[in-house]
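> Next comes the sequence, and after it the predicted model I'd like to discuss.
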Amino acid sequence: MTRILGLTGSIGMGKSTVAGMFRERGVPVFDADAVVHELQGPGGALVGEIEAAFPGTTGPEGVIRAKLGAAVFGNREALARLEGIVHPAVAESRTRFLAEHSGVPLVVFDIPLLYEKVGDRGLDGVAVVSAPAEAQRARVLARLGMTPEKFEQILGLQVPDAEKRARADFVIDTGTSLAETRAQVNRIVAALAESE
């Protein structure tokens, strides 16, 4: 039976790097963000439906993120309408992914807002990627276009790191060397995939 590990973490914690480490071990990773980008990109399956619901938010390159963001930001009803379009399509992609990888011992669902939006139902465990607050802040503020205000706003929308760590089955510390982080990933793979 395939075990499913949810992978999550707040902004700037190193989740993408850790997802890559699972891939290096041969563990299939379902990247929810990448699926959303594909569905909303040029020729994406959801572009027409999003344009119908939010006129003027798409173009030849798909969804215009700034315009769509402006249309839903601070408007719970509009956000719920957008999520009603996006979430079922992502769930369908996830179901297909599971069917394609049904014979493997372990898959990872990379879900940035796992605790905020999805929950851990149907998962065999959750791994939270975490780092000290000062490392997180430095990483995020090094991103192009990021400001301290924007960073604080994003943090305000996310479940606090301490709460994520407390709820997790595994905590992957990225405030260490890459080799040490990789060793943590290897231990999780051994615990979940190789203990069958």
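Perfect, thanks for sending it.
> From here on, just use CA atoms for contacts and neighbour counts.
Noted.
> now the residue lying closest to Gln184 once chain neighbours are set aside, which residues is it bridged with?
The shortest distance from Gln184 to any non-neighbouring residue, by Cα to Cα, 6 or more residues apart in numbering, is to Ile172 (6.3 Å). Taking DSSP bridges, one obtains Val129 as the residues bridged to Ile172.
> so who does Ile172 touch?
Shown in contact with Ile172 (Cα atoms under 8 Å, 6 or more residues apart in numbering): 127-130, 181, 184-185.
> From those residues, list the buried ones, please.
The neighbour count (16 or more other Cα atoms under 10 Å) marks 127-130, 181, 184-185 as buried among these.
> Distance check, Arg143 against Ile11.
As for Arg143, its distance to Ile11 is 11 Å (criterion: Cα to Cα, to the nearest Å).
> no, scratch that, I was asking about Gly119
For Gly119 relative to Ile11 (Cα to Cα), the value is 18 Å.
> who's more crowded, the two?
Ile11 (20 against 13; other Cα atoms under 10 Å).
> who's in contact with that one?
Counting by Cα under 8 Å, 6+ apart, Ile11 touches 136, 140, 154-155.
> and Phe170, what are its phi and psi?
phi -140, psi 140 (degrees, to the nearest 10).
> What is the neighbour count of it?
19.
> Make 134 the starting number, not 1.
Let's use 134 as the start, then, which means that last one is Phe303.
> quick one, phi psi at the closest residue to it other than its chain neighbours?
Closest residue to Phe303 apart from its sequence neighbours, by Cα to Cα, 6+ apart: Ala260 at 4.5 Å. Main-chain dihedrals, Ala260, degrees, to the nearest 10: phi -110, psi 130.
> my guess is Ala260 contacts Ala299, does it?
No - with contact defined as Cα atoms under 8 Å, Ala260 and Ala299 do not form a contacting pair (10.8 Å).
> Going along the chain from the least confident helix or strand in the chain by mean pLDDT, find the next helix or strand for me.
Using mean pLDDT, DSSP states H and E, helix 281-290 stands out as the lowest-scoring helix or strand of the chain, at a mean of 84. Moving toward the C-terminus from helix 281-290, the next helix or strand (DSSP states H and E) is helix 294-300.
> Let me see the mean pLDDT of that following helix.
Mean pLDDT, helix 294-300: 90.
> neighbouring contacts of that helix?
With Cα under 8 Å, 6+ apart as the criterion, helix 294-300 contacts 142-143, 248, 261, 263, 304.
> Among those residues, find the lowest-pLDDT one for me.
Lowest pLDDT among those: Tyr248, 79.
> can you count the residues close to that residue?
Tyr248 is flanked by 18 other residues according to other Cα under 10 Å.
> Over to Ala295?
9.
> closest to His234 among the contacts of helix 294-300?
His234 has its nearest neighbour among those in Val261, at 22.8 Å by Cα to Cα.
> For Gly255, see how far away the closest one is.
Distance from Val261 to Gly255, by Cα to Cα: 17 Å.
> Which positions within the host helix or strand of Glu210 qualify as buried?
If you go by DSSP H and E, Glu210 is part of helix 209-233. Under the neighbour-count criterion of 16+ other Cα under 10 Å, helix 209-233 has 212, 215, 219, 222-223, 226-227, 230-231 buried.
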